[in-house]
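>>> Have a look; sequence and predicted model below, questions after that.
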Amino acid sequence: MEGSSAGRRRAAFGLFETDLASGELYRRGRLVPLQGKPYRILYMLLERPGEVVTREEMRKQLWPHGTIVEFDEGLDTALRKLRYALGDSAQNPTFVETIPRRGYRFIAPVSYAAAAGDGPAQSSLSATPPAAPLAAQWVRLGWIGGTLILVALLAAFWAIVHYRGASRWAERTSSGAAVAIHALAVLPLENLSGDKEQDYFADGMTDALTTDLAQIGSLRVTSRTSAMQFKGSKETLPQIGRDLKVDAIVEGTVTRGENRVRVTAQLVDVSSDRHLWARTYERDLKDVLALQDEIAHDITEQIRVKLTPKERNLLIQVHAVDPEAYDDYLRGRYSAYKEGGRKALEYYQKAIAKDPNYALAYAGVADAFVRQASWANQSSTISGRLSRQEASPKIREAAVKALALDPSLAWPHISLAAVKFWNDWDWAGAETEMKQSIALNPNFAEAHYGYSIYLVAMERPDEAVNECERALDLDPFDYGANEWLGQALYHARRYDDALRQLRRTLEMFPVQWMQSHLYWGIANVYEQKKMFAEAFAARQQVLSLNKDPSVTAVDEAYKRAGYRGYLLKRIQTVEQRPHEPDTFPELAHLYAMLDDKANAVTYLEHLYEEHSGAILFIRTAPELESIRSSPRFRELVRRIGFPQPSSDKN
């Protein structure tokens, strides 16, 4: 705790802050209706955090001598209202702990500070706080996280007034005008377990709720990846709504006990910043999947979204899962996002050992192997990566098992699509898997992104752009989709659009390896626009970022002989190095820019022999335009076995 309560005007705890002078309580900048005795109890507890405040002390402060009231009932009612406002539980408290037969203690860390603009702090806190003002102001403090006020619907009268008819309010603004909720985001649920190590559980519940809602075709649901950008954010909910381009936001909290889980969920209309609905759920851990479905179903009822019979069935299925297996699965998901595939795989396999019929764990295994695979080449020399031959059968086995256990899962289909596209070159099979994944989960951003990659390879770049734009609608902060949209626009010959997208992505992701990749794409665009000075500058950015030793040599070559001099020098420096498959695409590109068909096709043939993923885009790559008339090039395309473009089919 920073300092003490003495001489301070504001107290902060968890996601709450209270102005001790005005008697107002805020949660992340939003006023919490709490006045009178419930607030004065909070004040007394904050005055002595960590100490027991007895019931007798509260009686003397709140019901002075001569007041005629049933004290025990009045105090219990005031405490219920306080806990309701804080989203606290008497059985599993985060803030107010009951000390049997004695009183109450505030157990959360508290920090105190003078109110903004106050000048010197006051010498002490009055034993009785000032009365709350008649008209509270909605002061925005900017504490925006992926969380919400834990609310119980059967609390005080004001809650009944505000939440009654919530299903109708989901279509109305504060002025009463009808609005439609077509786009939704689930912000990261706040971990109220009092243990930072439990973040994986709250994040996993966020992911699960997002996935459940994403199965509804008439609702656009923002991907977990983009929603997680706002974990701990100080942006207001309306601003987050604008950033994610959604109509409403779901926020909530998770409190996990030994065998129980408690979740609160709240729906907020971002245009009016108005709470539309809230509910608290508590279940045994073994029923947690059914709990997730129930929350998703309740939300769809509030926003009046029309469900198909299939979607409705998905949200009312009864699930049971071994709590320990579920815990391992959530740890696996958390590790996959944080660290990649290897650690995640260990957790998924532990989950399967505890529950051999756990479909999601098998889907996780397939995904973990997808993440570990080196798709570019047949073999992998990168530490921690698997060759395509090693990974593909493992992915296929786990994904097929997952679908046998639960055919409604979209996730395993995209894992199978990766194998069929990159490894098997089974074009029809890959497209079938991608379409099936999207049909099962229309809001699966990764499936739209993967389908966009496939469509470029299939000479359908306009469709590819549309699919990638759909992926970004769902996941606007995903690096891969942002970068690939620039590439898809490049393959569609929309060079100005490609340049804008790549530069926008460059601004969004100031990470060295990402910047290197983006500058390479920018240089490609400038080449096609015949802006060779700009292209060379972008190439030099790549070499500098990668600390390439040839940066000085190619610079001198460019000064002597222009862009052609750069191309020749770059070929010389790359060919002097050991011939690794990773260098073949660049060398084919460099020779093609020099109109050297023989050498360009030779390196493309090397890529074919390596069964490299890079070879799949040669039909649309603008930099290879000059060599497409080569008989060897046409023969190479035939050997790859591409299907005819849809425009050529009759």
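Right, received. Where do you want to start?
>>> How is this protein divided into domains?
By the record's domain assignment, the chain is partitioned as 10-120+137-142, 158-320 (automatic domain parsing).
>>> Columns distance to Glu580 and mean neighbour count on top of those, output as a markdown table?
For glycine as for every other residue, the C-beta is placed from the backbone atoms N, C-alpha and C. What follows is these, written out as a markdown table (distance: least, CB to CB, whole Å; neighbours: other CB atoms under 10 Å):
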| stretch | distance to Glu580 | mean neighbour count |
| --- | --- | --- |
| domain 10-120+137-142 | 50 | 17 |
| domain 158-320 | 31 | 19 |
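>>> Now render the ones you listed as TSV, adding distance to Ala404.
Formatted as TSV, the entries for the domains of the chain read as follows, by distance: least, CB to CB, whole Å:
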stretch	distance to Ala404
domain 10-120+137-142	39
domain 158-320	17
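>>> Turn these into CSV, columns for mean pLDDT and distance to Gly521.
Listed next are those as CSV, based on pLDDT from 0 to 100; distance: least, CB to CB, whole Å:
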stretch, mean pLDDT, distance to Gly521
domain 10-120+137-142, 74, 36
domain 158-320, 77, 21
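>>> ok, now which ones touch the residue nearest the centre of the chain?
Among the residues of the chain, the one closest to the centroid is Thr225, at 1.9 Å (CA atoms, centre = their mean). Shown here is Thr225, whose contacts under the criterion CB atoms under 8 Å, 6 or more residues apart in numbering are 337, 445, 475, 477-478.
>>> Now, of those residues, which are buried?
When neighbours are counted using 16 or more other CB atoms under 10 Å, the contacts of Thr225 contain these buried positions: 445, 475, 477-478.
>>> So which of those belong to helices?
Judged by DSSP state H, the subset of those located in helices is Ala445.
>>> between the buried ones among the contacts of Thr225, which is nearest Leu86?
Taking CB to CB as the measure, Phe477 is the one of the buried ones among the contacts of Thr225 closest to Leu86, at 31.4 Å.
>>> Distance-wise, check that closest one relative to Ala498.
Distance from Phe477 to Ala498, counting by CB to CB, to the nearest Å: 20 Å.
>>> ranges for the helices of the stretch 551-650 of the chain?
Assigned by DSSP state H, counting those that start in this stretch, the stretch 551-650 of the chain shows helices spanning 551-575, 584-593, 597-609, 631-640.
>>> contact partners of the first one?
Looking back up the chat, that one is helix 551-575. When contacts are defined by CB under 8 Å, 6+ apart, helix 551-575 is touched by residues 532, 535-536, 539-540, 543-544, 550, 583, 586-587, 590-591, 593-594.
>>> For Arg256, list each beta-bridge partner.
With beta bridges defined as DSSP bridges, Arg256 has these partners: Val261.
>>> so it touches Tyr200, yeah?
No: shown here, Arg256 and Tyr200 do not form a contact pair, counting by CB atoms under 8 Å, at 10.5 Å.
>>> Serialize the contacts of Thr225 to TSV and add fields for pLDDT and distance to Glu623.
What follows is the contacts of Thr225, written out as TSV (pLDDT from 0 to 100; distance: CB to CB, whole Å):
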residue	pLDDT	distance to Glu623
Tyr337	82	34
Ala445	94	29
Asp475	93	29
Phe477	91	29
Asp478	92	26
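>>> List just the nearest of those to Pro309.
Sorting the contacts of Thr225 by distance to Pro309 puts Ala445 at the head of the list, at 25.4 Å, by CB to CB.
>>> got a list of what the closest one touches?
Taking CB under 8 Å, 6+ apart as the definition of contact, the neighbours of Ala445 are 223, 225, 471-472, 474-475, 478, 481.
>>> for these, which one is nearest Arg10?
Arg10 has its nearest neighbour among the contacts of Ala445 in Thr225, at 35.0 Å by CB to CB.
>>> Could you double-check that Leu472 lies in contact with Ala481?
Yes: the criterion here is CB under 8 Å, and Leu472 meets it with Ala481 at 5.1 Å.
>>> ok, these two, which is more surrounded?
Between Leu472 and Ala481, counted using other CB atoms under 10 Å, Ala481 has the larger neighbour count: 29 against 22.
>>> Next SSE downstream of whichever helix or strand that one is part of?
When elements are assigned from DSSP states H and E, Ala481 belongs to helix 479-491. Under the assignment DSSP H and E, the closest C-terminal helix or strand after helix 479-491 is helix 495-508.
>>> quick one: buried residues of that next one?
Counting neighbours by 16+ other CB under 10 Å, one finds that the buried residues in helix 495-508 are 495, 497-499, 501-502, 505-506.
>>> from those, which is closest to Thr308?
Within these, the smallest distance to Thr308 is 34.3 Å, found for Gln501 (CB to CB).
>>> where exactly do the helices run in the stretch 151-300 of the chain?
When assigned using DSSP H, counting those that start in this stretch, the helices of the stretch 151-300 of the chain occupy the ranges 157-163, 166-169, 199-214, 224-227, 237-244, 288-302.
>>> Which of these sits closest to Ser437?
Taking CB to CB, helix 199-214 is the member of these nearest to Ser437, at 11.5 Å.
>>> and that closest one, what does it pack onto?
With contacts taken as 3 or more CB pairs under 8 Å, 6 or more residues apart in numbering; DSSP states H and E, helix 199-214 sits against strand 183-186, strand 190-191, strand 220-221, helix 224-227, strand 248-256, strand 260-269, helix 288-302, helix 323-338.
>>> Output those in a markdown table; the columns should cover distance to Ala278.
Output for the helices and strands packed on helix 199-214, formatted as a markdown table (distance: least, CB to CB, whole Å):
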| stretch | distance to Ala278 |
| --- | --- |
| strand 183-186 | 14 |
| strand 190-191 | 14 |
| strand 220-221 | 19 |
| helix 224-227 | 19 |
| strand 248-256 | 9 |
| strand 260-269 | 4 |
| helix 288-302 | 10 |
| helix 323-338 | 24 |
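>>> pLDDT score assigned to the residue nearest to Val601 when sequence neighbours are not counted?
Once its chain neighbours are removed from consideration, Val601 has its nearest residue in Arg632; the separation is 4.5 Å (CB to CB, 6 or more residues apart in numbering). In this model, Arg632 is scored at 97, pLDDT.
>>> I figured Arg632 was touching Ala600, is that so?
No: with contact defined as CB under 8 Å, Arg632 does not reach Ala600; the gap is 9.5 Å.
>>> Who has more neighbours out of the two?
For the pair Arg632 and Ala600, the greater number of neighbours falls to Ala600 (25 against 14), based on other CB under 10 Å.
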